[in-house]
Every structure is written in C-alpha cells, then in structure tokens.
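K.L.:
My questions concern the predicted model and sequence given below.
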Amino acid sequence: MVLCMTEAEKSEQFEGTAAAGHRAMGMFFVAIAFLAVFAAILPHGGLAEAVSDNLIGHPVSLVLLAGLWAVIIVEGILGYLAAPDKPKNAIFRLLLVVLIPPMRMTLSPRRPNDKVWLPRLGWLKTGKDAVENMEVRTAMPMLVMTALIVPVIAADFLTGPRVHDVLAKDLETVTRYDLSDSGMRLFMMDENERVIANVARSDRSVREGLDGNWDVLGRPEGAEGTTLSFGLDDVFSFRTECSMTEGVFAFGHGALGFNDMEKVGTCPPSWLEIIIWFLTALIWFSFAFEFILLVSLAEKKLAFCKKNWINLVIILLPLLAFLRSLQLFRFLRMAKAGKLMRAYRLRGLLARAVKLAVVFNLIDRMLSRNPDKYNAHLQEKIAEKEAELQELKSKLNA
C-alpha cells in the first residue's frame with residue numbers, strides 16, 4: 001500500500017509527523033539567525049554606521065553569515081529533491097530561499113506554500129484570512145518597533161556626523177588650491193572658490209610644494225587636531241583623533257583633486273552610537289520579519305508587494321549601501337570611474353530616505369489604531385479607486 005503512494009501523498013504524510021514540525025522549527029530559527037546577523041551588519045546610516053562599518057568587515061560576522069547561508073542552501077536542496085511538485089514550482093521555491101535566505105523562515109522547497117509553520121501556532125493555512133489575522137497579531141508590536149525611529153532621528157539630528165567624515169566629503173569637492181609665498185599656508189577651494197580647508201605646516205617651516213604634514217585650522221567646525229599629509233608618491237592621508245582616511249591626489253597649475261578616498265581607521269563607537277545602531281537594526285529586522293511572514297501567508301504575493309511597497313522600500317534601500325560597504329564595485333575605481341563610485345557614497349541619503357519612509361509608515365499605523373481617522377483614510381482611498389475605475393471605463397468606452 002505504501003509502495004503505491006504518490007510523491008504528493010508521501011509529502012502530505014510527512015507533514016503530519018513530528019519530524020516535519022521539528023524540521024520546520026529548526027529552519028525557522030536558522031533563518032531568523034541569518035536575518036538577525038544581516039540586520040546587524042547592514043549599513044543604516046547616521047550614528048549607527050560607526051558600529052555596522054566595524055561589523056561588516058569582521059571575519060566572525062562574515063563566517064557566521066556564510067555558515068547559516070550554507071545550512072539553508074543544503075537543506076533547501078534536500079527539500080527540493082523530496083518535493084512532490086518538482087521541477088517547476090519546487091525550483092522556484094528553492095531559488096527563493098537560496099537567494100533570499102530569510103524566506104526559509106516560512107517557505108520550504110519541500111512543500112507547496114499552502115501552509116506556513118510558526119512557533120506556538122503550528123501549521124497555518126495561507127490565504128486572505130491568515131494575512132488579516134496575522135496583521136492583527138503584529139499590529140501593536142510593529143507600532144512600537146516603528147515608533148523607535150523617533151529617538152533615532154532625534155539623535156542623528158542633535159549629534160550630526162563626525163568631523164572626520166564631514167571633512168572627507170568636503171575634500172572631494174576640492175578643485176584648486178592657493179599656496180602662500182612662504183609655503184607655510186595652504187588654502188583648498190572648490191570650483192566656486194569657496195575655501196574648503198585652511199591648513200598650515202605642522203613644523204612651521206618655509207618650504208615649496210605640497211609634500212609634508214599640515215594642520216587643519218578649524219574648517220569644518222571642530223576640525224582642530226586634524227592632520228593632512230601629502231606624500232611624494234601622490235598619496236595623501238588625513239587623521240582626526242583615531243580616524244584615518246587615505247587616497248591619491250593630483251595637482252598642478254593651481255588645480256588640486258582628491259580621488260579614491262578610503263577610510264582605513266575609525267574611532268571606537270560611543271555608547272550612543274551602539275544604542276542607535278541597535279535600534280536601527282531592530283527596526284529593520286522587524287520590518288523584514290513582518291514582511292516575510294505576511295507575504296508567505298498571502299496567496300497573491302505580487303499584489304501584496306504592490307500594496308505594501310513602502311515596506312519594501314524600507315527593507316531594500318539599505319541593501320544598496322550594503323553593496324557599497326562590501327566594495328563589490330572596486331573594479332570601477334581601476335577604470336577611474338571616480339564619479340560613479342561617489343554615487344555609492346550617497347548611502348547617507350539612502351539612510352535618510354529609509355528613515356522618512358519609516359516615519360510615513362508610523363503615521364499610517366497610528367491612523368489605523370484610531371477607528372475614526374482610519375475610516376476617513378479608507379473612505380479617501382475608496383474615492384480614489386472609484387475615480388480611477390471611472391477613468392478606465394471612460395477610456396474603454398471611448
């Protein structure tokens with residue numbers, strides 16, 4: 001009798017066993033661990049960057065991430081081989097968990113996505129009702145997690161970036177220089193002849209040329225104590241306390257430019273930076289966890305993604321900064337595509353865009369907690385949809 005069972009019947013019989021639950025629980029926590037590590041090393045901008053920059057290059061973080069990913073890949077392949085609906089549907093689920101490992105929390109290559117296993121809840125049947133019930137369960141916790149963006153933004157606004165990072169961005173705009181007759185003072189300017197940095201020789205000696213060590217004289221504000229060094233081999237470096245940046249420079253006939261700047265040393269993060277890093281990582285983790293959970297329960301996954309696009313923005317935008325942090329495009333520097341590389345240094349702008357999206361999400365969640373305001377909000381949406389429907393009908397009849 002057992003020998004005559006189809007692959008689908010065998011799979012269904014396996015899902016009802018304790019082994020299926022144990023396997024689902026084990027992989028759920030493996031995927032959760034991967035998501036947590038990824039959230040910790042993901043660049044979130046602002047004060048959080050001081051910690052994430054250290055973690056992303058730490059061998060323990062990378063080994064742990066790679067190890068968890070390998071477990072998910074191996075388990076996914078084994079699940080695919082036992083899937084009743086391979087190759088088409090099963091290969092899609094396998095690719096999904098291989099490319100997006102946190103999806104393994106709820107999605108298994110072994111079985112169709114008609115049920116999702118969750119701790120304490122067991123197997124839940126997917127569908128619209130399951131999504132709505134889960135949204136009710138996660139509403140209050142996610143409101144609290146989203147509200148954490150308020151102290152994060154306040155800390156970023158009140159503290160601001162480090163002087164070293166401000167000076168690094170300013171140096172990228174330098175296009176020309178003016179050297180005093182004695183060679184003891186150097187003025188670096190942008191294309192509008194705005195003085196970016198005013199520096200003096202550390203040894204106060206009368207010399208020709210730019211080579212040697214210079215002291216930055218208070219631009220930007222608080223830059224005192226910053227030293228700038230020009231080497232004979234067209235290599236420069238500048239240091240502020242324990243932070244250090246290196247790169248190459250080119251000059252001649254009053255022109256000056258800094259290129260290929262790379263931070264090679266940084267100060268240890270402060271307690272405030274650690275706290276802000278933890279909060280931003282927790283916010284991103286919460287959004288990613290909720291989205292993966294709900295999209296797994298949804299039958300029409302593409303429609304769900306379109307409906308919750310702002311959540312996708314919050315989750316995906318930091319990945320652009322992550323690619324820059326890994327320096328996957330270092331070969332572009334070899335091609336002297338400096339301007340293109342600077343585009344990846346806009347991760348501060350990406351971080352602000354994510355924070356703005358979280359604020360909008362917070363407002364939407366707060367409206368949903370107030371029945372009167374939420375009903376008014378829904379009425380506006382209904383009116384917009386009806387207007388769109390009438391417009392489509394008029395185009396169809398034209």
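P.N.:
Nice, thanks for sending it over.
K.L.:
Identify the residue nearest the residue nearest the centre of the chain in space, chain neighbours excluded?
P.N.:
Nearest residue to the geometric centre of the chain (CA atoms, centre = their mean): Pro318, 2.0 Å. Once flanking residues are discounted, Pro318 sits nearest to Leu42: 5.0 Å by CB to CB, 6 or more residues apart in numbering. In short, each C-beta sits where N, CA and C put it, glycine included.
K.L.:
list the contacts for the one you found?
P.N.:
52, 281, 284, 318-319, 321-322 (CB atoms under 8 Å, 6 or more residues apart in numbering).
K.L.:
show me where the stretch 201-350 of the chain has helices.
P.N.:
271-297, 301-307, 309-326, 330-334, 338-343, 347-369 (DSSP state H, counting those that start in this stretch).
K.L.:
Check the stretch 1-150 of the chain too.
P.N.:
For the stretch 1-150 of the chain, the helices defined by DSSP H, counting those that start in this stretch occupy 7-15, 18-41, 49-56, 59-81, 88-99, 128-147, 149-159.
K.L.:
will you turn those helices into CSV that also has mean pLDDT?
P.N.:
Output for these, formatted as CSV (pLDDT from 0 to 100):
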stretch, mean pLDDT
helix 7-15, 48
helix 18-41, 89
helix 49-56, 83
helix 59-81, 93
helix 88-99, 90
helix 128-147, 87
helix 149-159, 86
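K.L.:
mind checking which of the helices of the stretch 201-350 of the chain is nearest Arg207?
P.N.:
helix 338-343 (29.3 Å; CB to CB).
K.L.:
Neighbours of Ile77, how many?
P.N.:
For Ile77, the neighbour count with other CB atoms under 10 Å is 13.
K.L.:
so it touches Leu94, yeah?
P.N.:
Yes: look at Ile77 against Leu94 with CB atoms under 8 Å: they come within range, at 7.0 Å.
K.L.:
Spit out the residues that contact these two alike.
P.N.:
Pro109.
K.L.:
coming back round to it: want to try TSV for the helices of the stretch 201-350 of the chain, with mean pLDDT as columns?
P.N.:
Listed next are the helices of the stretch 201-350 of the chain as TSV, based on pLDDT from 0 to 100:
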stretch	mean pLDDT
helix 271-297	93
helix 301-307	87
helix 309-326	77
helix 330-334	42
helix 338-343	42
helix 347-369	71
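K.L.:
most tightly surrounded among those helices?
P.N.:
Compared across the helices of the stretch 201-350 of the chain, helix 271-297 shows the largest average neighbour count, a mean of 20 (mean count of other CB atoms under 10 Å).
K.L.:
just checking, what packs against that helix?
P.N.:
Judged by 3 or more CB pairs under 8 Å, 6 or more residues apart in numbering; DSSP states H and E, helix 271-297 is in contact with helix 18-41, helix 49-56, strand 115-118, helix 128-147, helix 149-159, helix 301-307, helix 309-326, helix 347-369.
K.L.:
residues in contact with the longest one?
P.N.:
For helix 18-41, contacts defined as CB under 8 Å, 6+ apart pick out 14, 52, 55-56, 61, 64-65, 68-69, 71-72, 75, 101-106, 108, 117-119, 122-123, 281-282, 284-285, 288-289, 292, 322.
K.L.:
From the residues you listed, keep the buried residues only.
P.N.:
For the contacts of helix 18-41, a burial check counting by 16 or more other CB atoms under 10 Å picks out 52, 55-56, 61, 64-65, 68-69, 71-72, 75, 101-106, 108, 117-118, 281-282, 284-285, 288-289, 292, 322.
K.L.:
re earlier: which of the contacts of Leu42 lies at the shortest distance from Lys395?
P.N.:
The nearest one, if we look at those relative to Lys395 and count by CB to CB, is Leu319, at 37.6 Å.
K.L.:
how deep is Asp215 tucked in, by neighbour count?
P.N.:
If you count neighbours by other CB under 10 Å, Asp215 ends up with 18.
K.L.:
so it makes contact with Phe238?
P.N.:
No: the criterion here is CB under 8 Å, and Asp215 misses it with Phe238 at 10.5 Å.
K.L.:
Could you tell me which residues touch both of these two?
P.N.:
Common neighbours of Asp215 and Phe238 (CB under 8 Å, 6+ apart) are 226-228.
K.L.:
Give me the subset of those residues lying in strands.
P.N.:
226-228 (DSSP state E).
K.L.:
Just the buried residues from those residues, in ChimeraX please.
P.N.:
Applying 16+ other CB under 10 Å to those, the buried members can be selected in ChimeraX as follows:
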select :226,228
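K.L.:
As TSV, the ones in strands among the shared contacts of Asp215 and Phe238 with pLDDT and distance to His164 would be great.
P.N.:
As requested, those are arranged in TSV below (pLDDT from 0 to 100; distance: CB to CB, whole Å):
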residue	pLDDT	distance to His164
Thr226	88	7
Thr227	90	11
Leu228	91	12
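K.L.:
which stretches of the stretch 151-300 of the chain have low pLDDT?
P.N.:
Residue ranges of the stretch 151-300 of the chain with pLDDT under 70: 219-222.
K.L.:
Val199: neighbour count?
P.N.:
That count, for Val199 with other CB under 10 Å as the rule, works out to 23.
K.L.:
ok, so what distance separates the residue nearest to Met184 when sequence neighbours are not counted from Phe304?
P.N.:
The spatially closest residue to Met184, leaving aside those adjacent along the chain, is Arg201, at 5.1 Å (CB to CB, 6+ apart). Arg201 sits 63 Å away from Phe304, going by CB to CB, to the nearest Å.
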